[in-house]
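Participant: Give me a 3D structure for the following:
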Amino acid sequence: MSNTDTAPAEVVCATSGFTGVLHPREVPLGGPRAIRVRRTLPQRERSLIGAWCFADHYGPHTVADGVGMDVPPHPHTGLQTVSWLFEGEVEHRDSAGVHAYVRPGELNLMTAGAGICHSEVSTAATTVLHGVQLWVALPDSDRNTTRDFAHYVPEPVRIPGAVLRVFLGALSGSRSPVHTFTPLLGAQVDIDPGATAVLDIDPAFEHGVLLDQGSIEAAGTPLDVADLAYQPVGCEVLTLRNTGDGPARAILLGGPPFGEELVMWWNFVGRSHDDIATYRRLWQDHDDRFGAVDGYQGPVTRLPAPPLPNATLRPRPNPKGTP
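Facilitator: As a prediction, this is how the structure comes out:
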């Protein structure tokens, strides 16, 4: 998925001392009639949870009127994209030659590395589109790795009060085989009506709980749909309580604090203004760094990069008091 803001703000990803709940903001996914997504990462209060640097939640969105997801070829650098659906189907094409489909309960992970471009289009069979799109920042040692793609269907695991689908990392005895460049946790948690799920978690990880549907309390804090609760390192247990009469569903994200400062602008993750300016220029020049997508049929052949801001993009130092 692309950040299609026409005037994207500079986001400096650095550890912060924030602990609490991040509330989403709505942004369009391209064009005046596009679907709208709820974005919780990045924000000023917190731009990273582990290496997770971007989180969009969308739907349930009815596409019977013909307005679905149609994101033309667009570039990425220095990250992995994680696509996870609850309803619907999305066709993925990328410049590594991958043609795949994103379906509910199935992980699609694309590694951009030094550069890739891809398109995403909801299929004609889709009547309701509902899911999350997540990005993971690559560490400096691996940010120029080669393009890659992984697909994985996790088996549901029953624990007291909930069902888990662990698509990245390990939780409650379930482990994903999908490779990441830093330790990560990504899981769907479905909590039974009125139940409490107690999860044994890695105390070296910070965690985020993104509510998709229902009513839950994360570590005692009530969440609204698309809210993202943050829990810092040092906790060995995470308690999720379904306070409603119906089922509740959340996405659990985690990882050790990401110690590197990043500059993230539009669809690029870099380390400096010069990095971002170079990526933008190469994309506009149709450079082979990003390749090309075959088979996309849409109103435009590729998304142009917006203008750079009239300022130097600079990493912001970690706030005072941050470990």
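
Participant: List the contacts of Asp192.
Facilitator: Asp192 sits next to 161-162, 242, 247 when contact means Cβ atoms under 8 Å, 6 or more residues apart in numbering. Heads up, the C-betas are built off the backbone N, CA and C, glycines and all.

Participant: which residues does the spatially most central residue of the chain bridge with?
Facilitator: Nearest to the centroid of the C-alpha atoms of the chain, with distances taken as Cα atoms, centre = their mean, sits Leu134, at 0.8 Å. Beta-bridge pairing for Leu134 (DSSP bridges): Ala55, Val82.

Participant: what sits against it?
Facilitator: Taking Cβ under 8 Å, 6+ apart as the definition of contact, the neighbours of Leu134 are 52, 54-56, 81-84, 186, 253.

Participant: do the same with Tyr58
Facilitator: Neighbour list for Tyr58: 29, 35-38, 129-133 [criterion: Cβ under 8 Å, 6+ apart].

Participant: Including neighbour count, could those residues go into CSV?
Facilitator: As requested, the contacts of Tyr58 are arranged in CSV below (neighbours: other Cβ atoms under 10 Å):
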residue, neighbour count
Leu29, 21
Ile35, 19
Arg36, 13
Val37, 25
Arg38, 20
Leu129, 23
His130, 18
Gly131, 26
Val132, 25
Gln133, 24
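
Participant: For Phe86, give me its contacts.
Facilitator: By Cβ under 8 Å, 6+ apart, the residues touching Phe86 are 59-60, 104, 130-131, 212, 249.

Participant: Quick one: buried ones out of the residues you listed?
Facilitator: Burial by neighbour count, judged by 16 or more other Cβ atoms under 10 Å, picks out 59, 130-131, 212, 249 from the contacts of Phe86.

Participant: between the contacts of Phe86, which is closest to Ser172?
Facilitator: Proximity of the contacts of Phe86 to Ser172 (Cβ to Cβ) peaks at Arg249, which lies at 16.5 Å.

Participant: How about that closest one, nearest residue that isn't a chain neighbour?
Facilitator: If the residues on either side of it in the chain are set aside, Arg249 comes closest to Asp212, at 4.4 Å by Cβ to Cβ, 6 or more residues apart in numbering.

Participant: Specify the local secondary structure of that neighbour.
Facilitator: Secondary structure for Asp212, judged by DSSP: H, G, I helix; E, B strand; the rest coil, is strand.

Participant: Check Ala277 too.
Facilitator: Applying three-state DSSP: Ala277 is helix.

Participant: Would you mind confirming that it makes contact with Pro309?
Facilitator: No - Ala277 is beyond contact range of Pro309, at 10.7 Å (criterion: Cβ atoms under 8 Å).

Participant: can you redo the contacts of Leu134 as a markdown table with neighbour count and distance to Trp266?
Facilitator: Rendered in a markdown table, the data for the contacts of Leu134 read as follows (neighbours: other Cβ atoms under 10 Å; distance: Cβ to Cβ, whole Å):
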| residue | neighbour count | distance to Trp266 |
| --- | --- | --- |
| Trp52 | 29 | 18 |
| Phe54 | 25 | 11 |
| Ala55 | 26 | 17 |
| Asp56 | 21 | 14 |
| Thr81 | 24 | 14 |
| Val82 | 26 | 18 |
| Ser83 | 21 | 19 |
| Trp84 | 23 | 22 |
| Gly186 | 28 | 24 |
| Leu253 | 29 | 22 |
